[in-house]
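Engineer: What shape does this take:
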Amino acid sequence: MTSPQGARILVIDDEPQIRKLLKVTLQAHQFEIHECGDGEEAVIQASIVHPDLIVLDLGLPGMSGMDVLHRVREWSQVPIIVLTAKEREEDKIAALDGGADDYVTKPFGMGELVARIRVALRHVARTTDEPVLRFGSLTMDLAQRQVELDGLPIKLTPTEYDMLKVLASNAGKIITQRQLLQQVWGGHHHESDSHYLRVYVGHLRKKLKEDPTQPRFIQTEPGIGYRFLLQD
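Structural biologist: Next up, the predicted model:
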């Protein structure tokens, strides 16, 4: 994996002006840019270019962006940020559940997109088999199932621990309510059980001494899920 500055990014969008804007701006941030404008070509390019990250428009002609997402996910875990003009929450949730790492809704600010790209690349750089995760004052020892805040142990229930592990292990990514329910409770859940998540997240925030209005660790993505924040 290259450093964020030298990362290879594949931009997939059917609008030439959007591709040009993204190419000029991202190259100015020292990214290497490859581009294409349709779904079939996108799948081929992804296999040839081996990008470090993909920026994917959902509204492609022919093969849809969701189809491209599913095809790429059959063989690659490359970070994928979805660009979409669709503001419906169910479209964002479907993309995230389908394997996207993040989304940005058109029209978007380039500063926001660049920030999301850097977070996604940092998440990949952190993905190792290290048993200890560190986020500022928070330390999570996966081997010992121990959590410390400011050097002091925090007592978590098994469910609270499992939830924190899922979120922290995917720091920077949005985890949808469905994904969290599946990974913590397995098949023993229903979509309507999302109120359990709010209760457990509330408990976690109290134990992490967190102000929900200014989160240090767990950020709510309204109607979608949660994002564990990477620490600078």
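
Engineer: Show the residue spans covered by the helices in this structure.
Structural biologist: Taking DSSP state H as the criterion, the chain carries its helices at 16-28, 39-49, 65-73, 89-97, 110-126, 158-169, 177-185, 194-207.

Engineer: Make a markdown table out of these and add distance to residue 226, mean neighbour count and mean pLDDT.
Structural biologist: Heads up, the C-betas are built off the backbone N, CA and C, glycines and all. A markdown table is the format used below for the helices of the chain (distance: least, Cβ to Cβ, whole Å; neighbours: other Cβ atoms under 10 Å; pLDDT from 0 to 100):
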| stretch | distance to residue 226 | mean neighbour count | mean pLDDT |
| --- | --- | --- | --- |
| helix 16-28 | 28 | 15 | 94 |
| helix 39-49 | 28 | 17 | 93 |
| helix 65-73 | 21 | 19 | 95 |
| helix 89-97 | 11 | 18 | 87 |
| helix 110-126 | 15 | 17 | 86 |
| helix 158-169 | 6 | 18 | 93 |
| helix 177-185 | 7 | 19 | 89 |
| helix 194-207 | 6 | 15 | 89 |
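
Engineer: can you put these in a markdown table and add distance to residue 149?
Structural biologist: Output for the helices of the chain, formatted as a markdown table (distance: least, Cβ to Cβ, whole Å):
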| stretch | distance to residue 149 |
| --- | --- |
| helix 16-28 | 37 |
| helix 39-49 | 40 |
| helix 65-73 | 35 |
| helix 89-97 | 28 |
| helix 110-126 | 19 |
| helix 158-169 | 11 |
| helix 177-185 | 21 |
| helix 194-207 | 8 |
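
Engineer: and of those, who's closest to residue 150?
Structural biologist: Set against residue 150 and scored by Cβ to Cβ, those come closest in helix 194-207, at 12.3 Å.

Engineer: Show the pLDDT at the residue lying farthest from the centre of the chain.
Structural biologist: Here the centre of the chain is the reference, and by Cα atoms, centre = their mean the most remote residue is residue 152, at 29.2 Å. We have a pLDDT of 94 for residue 152.

Engineer: beta partners for it?
Structural biologist: Using DSSP bridges, the bridge partners assigned to residue 152 are residue 149.

Engineer: partners of residue 226 in the sheet?
Structural biologist: Beta bridges link residue 226 to residue 175, residue 220, judged by DSSP bridges.

Engineer: about what we covered before: okay, the residue farthest from the centre of the chain and residue 138: tell me how far apart.
Structural biologist: Plainly put, residue 152 is 11 Å away from residue 138 if you go by Cβ to Cβ, to the nearest Å.

Engineer: Likewise for residue 223?
Structural biologist: To residue 138, residue 223 is 26 Å away according to Cβ to Cβ.

Engineer: These two - which one has more neighbours?
Structural biologist: Set side by side, residue 223 and residue 138 show more neighbours around residue 138, with 19 against 12, by other Cβ atoms under 10 Å.

Engineer: got a list of what the nearest residue to the more buried one once chain neighbours are set aside touches?
Structural biologist: Of all residues not flanking residue 138 in the chain, residue 149 sits nearest, at 5.5 Å (Cβ to Cβ, 6 or more residues apart in numbering). In this structure, residue 149 makes contact with 137-139, 207-209, judged by Cβ atoms under 8 Å, 6 or more residues apart in numbering.
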